[in-house]
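S.K.: Starting from these lines, generate the structure:
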Amino acid sequence: MGTSPESLLLSLARICASATSGTRLLAEAADPLTQLAGVPANELLAGTAEIEDETVEIALSLVDQALARLDAESALRDLHARIDNAQQLANMGDYDWHIATDTNRWSDQLFRIYGHEPQAFEPNYEKFLSFIHPHDRDRITAIHQHAYSTGEPYEMIERIVRPDGEVRYLSSNGQVITDDNGKPVRMRGTCIDITDRVLAEQEREAQASRAQEEQVRRRAALEINDNVVQGLTAALYALEMDDAESSGTFLRRTLNSARQMITDLVAPLDGDELNPGDLVRTRPSSLGDEG
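M.R.: So this is what the prediction gives:
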């Protein structure tokens, strides 16, 4: 608006002085107040041309209106600032898409989440889709189309790609706003950047997978030692004692144990059964001489 409280007080002082010096000074002083209060200057002058005693009363009324409007504007600015601060702390933004005009209002923090300066562009639907990860676009579009046709609210996890190529994960929700005839006119909702949480969960899952793999390898090593290495050692001792029969028995037991271990290690996953020949080598193994 451009009208400061100081200029209002100055205008009030000049208007009060005009009560004794005529309406010329009033005409000069009234403009800032009439602009802010929404009262044309000619109406103000018409109301005071004949009865100058009413000048101060009119001026005070205008100042009351002007200050009330300033208070409302200040309160609105303060509210917007607090909302923006809260959204930054929560890393959350909101949007309001007007379907008919394909215009979308994003909060400042939503622009930041997408890697842009606040209000840097007009975020229509095509622009929004260009930020969605290519592998997620069809799914996100289908969710929006379902909400549009049914009027049902929606929740989804979406990946976006920032201008620098960084992928972020958003937890988004929305609702469809309809007119009196039930026709969808707006879709609005919120988006929360959950990238840190998703990456932390992925790391926990990776660590759990590595720990499980380590346990499998350790168990396999123990079984190889118990069932193969010791069996071969016993067979070797028997051979050294010229006990070929016992050596053969140890070797057969060891071979059976090795086969069972292989079966356990390649147990069917997700219903995939082993077929004959799956474990047959494509070429013979090469056993070098022991040193």
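S.K.: residues touching Asn173, list them.
M.R.: Pro153, Tyr154, Glu155, Met156, Gly189, Thr190 (Cβ atoms under 8 Å, 6 or more residues apart in numbering). C-beta coordinates here come from the backbone N, C-alpha and C atoms, glycine included.
S.K.: how about 10 Å then?
M.R.: Pro153, Tyr154, Glu155, Met156, Arg188, Gly189, Thr190, Cys191, Ile192 (Cβ atoms under 10 Å, 6 or more residues apart in numbering).
S.K.: What segments of this protein are helices?
M.R.: Taking DSSP state H, the helices of the chain run over residues 5-21, 23-37, 41-48, 55-90, 108-113, 125-131, 137-150, 195-223, 230-240, 244-265.
S.K.: quick one on the thing from earlier: ChimeraX command to pick out the buried ones of the contacts of Asn173?
M.R.: To isolate the buried members of these in ChimeraX, using 16 or more other Cβ atoms under 10 Å:
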select :154,156,188,189,190,191,192
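S.K.: Using JSON lines, lay out the contacts of Asn173 together with pLDDT and distance to Gln175.
M.R.: Formatted as JSON lines, those follow (pLDDT from 0 to 100; distance: Cβ to Cβ, whole Å):
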{"residue": "Pro153", "pLDDT": "93", "distance to Gln175": "5"}
{"residue": "Tyr154", "pLDDT": "94", "distance to Gln175": "8"}
{"residue": "Glu155", "pLDDT": "94", "distance to Gln175": "10"}
{"residue": "Met156", "pLDDT": "95", "distance to Gln175": "13"}
{"residue": "Arg188", "pLDDT": "92", "distance to Gln175": "6"}
{"residue": "Gly189", "pLDDT": "93", "distance to Gln175": "6"}
{"residue": "Thr190", "pLDDT": "92", "distance to Gln175": "10"}
{"residue": "Cys191", "pLDDT": "93", "distance to Gln175": "13"}
{"residue": "Ile192", "pLDDT": "94", "distance to Gln175": "16"}
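S.K.: Kindly indicate which of the contacts of Asn173 lies nearest Arg219.
M.R.: Met156 (40.6 Å; Cβ to Cβ).
S.K.: Low-confidence regions, the stretch 1-150 of the chain specifically.
M.R.: Within the stretch 1-150 of the chain, the ranges that satisfy pLDDT under 70 run 1-60, 62-64, 66-67, 70-72, 74-76, 78-81, 83-84.
S.K.: Can I get stretch 177-192 in PDB, CA atoms only?
M.R.: Extracted in PDB, the C-alpha atoms of stretch 177-192 (Å, rounded to 0.1, in the frame of the first residue of the first chain):
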ATOM      1  CA  ILE A 177     -13.000 -29.700  -3.600                       C
ATOM      2  CA  THR A 178     -16.200 -29.700  -5.600                       C
ATOM      3  CA  ASP A 179     -18.800 -27.100  -6.500                       C
ATOM      4  CA  ASP A 180     -22.500 -27.100  -5.600                       C
ATOM      5  CA  ASN A 181     -23.100 -29.600  -8.500                       C
ATOM      6  CA  GLY A 182     -20.400 -32.000  -7.300                       C
ATOM      7  CA  LYS A 183     -18.000 -31.100 -10.100                       C
ATOM      8  CA  PRO A 184     -14.300 -31.100  -9.000                       C
ATOM      9  CA  VAL A 185     -12.900 -27.600  -9.100                       C
ATOM     10  CA  ARG A 186      -9.800 -27.700  -6.900                       C
ATOM     11  CA  MET A 187      -7.300 -30.300  -5.500                       C
ATOM     12  CA  ARG A 188      -5.300 -29.200  -2.500                       C
ATOM     13  CA  GLY A 189      -3.100 -30.800   0.000                       C
ATOM     14  CA  THR A 190       0.400 -31.000   1.600                       C
ATOM     15  CA  CYS A 191       3.800 -32.500   0.800                       C
ATOM     16  CA  ILE A 192       6.300 -33.500   3.500                       C
END
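S.K.: isn't Tyr125 right next to Thr141, touching?
M.R.: Yes: contact status for Tyr125 versus Thr141: in contact at 9.4 Å, counting by Cβ atoms under 10 Å.
S.K.: Name the nearest residue to Leu170, sequence neighbours excluded.
M.R.: Cys191 (4.7 Å; Cβ to Cβ, 6 or more residues apart in numbering).
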